[in-house]
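Participant: this is a predicted model, with the sequence first.
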Amino acid sequence: MNSESEPFEVPITDVFDLHPFAPRDVKAAVEAYLDEARTAGFRYVRIIHGRGIGVQRETVRKVLARTEFVEEYRDAPMEAGGWGATIVTLKSPT
């Protein structure tokens with residue numbers, strides 16, 4: 001059994017840590033997480049992408065920029081990850 005190809009369930013909370021995901025899976029993981037977070041009723045979420053050289057951060061921000069129900073996003077405060085995490089405000093459901 002190949003555990004890399006096995007899907008696994010990630011609990012939906014207001015914090016999503018991308019460290020367990022392979023770089024090739026980040027875009028799809030963020031898209032799925034945002035849909036689930038919205039369905040769960042979260043208004044604010046924090047996506048932890050790490051500091052590194054900014055590749056994951058850029059991928060996350062591209063997804064956020066084209067997601068219609070994202071109201072805004074910004075770097076997290078220093079105590080919540082600084083530029084290694086992004087705070088996202090989701091639009092209120094109408």
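Facilitator: In hand now; what should we look at? Residues are numbered from 1 along each chain as shown.
Participant: from now on I want contacts and neighbour counts done on CA atoms only, so please keep to that.
Facilitator: Noted.
Participant: so which residues of the protein form strands?
Facilitator: 15-17, 44-48, 70-75, 85-90 (DSSP state E).
Participant: helices or strands up against the third one?
Facilitator: In other words, strand 70-75. strand 85-90 (3 or more Cα pairs under 8 Å, 6 or more residues apart in numbering; DSSP states H and E).
Participant: for the strand it packs on, which strands pair with it and how are they oriented?
Facilitator: With DSSP bridges as the test, strand 85-90 is paired with strand 44-48 (antiparallel), strand 70-75 (antiparallel).
Participant: I'd say Ile47 and Thr86 touch.
Facilitator: Yes - with contact defined as Cα atoms under 8 Å, Ile47 counts as touching Thr86 (5.2 Å).
Participant: just say which of the strands paired with strand 85-90 is most tucked in.
Facilitator: Comparing the strands paired with strand 85-90 by mean neighbour count (mean count of other Cα atoms under 10 Å), strand 44-48 ranks first with a mean of 21.
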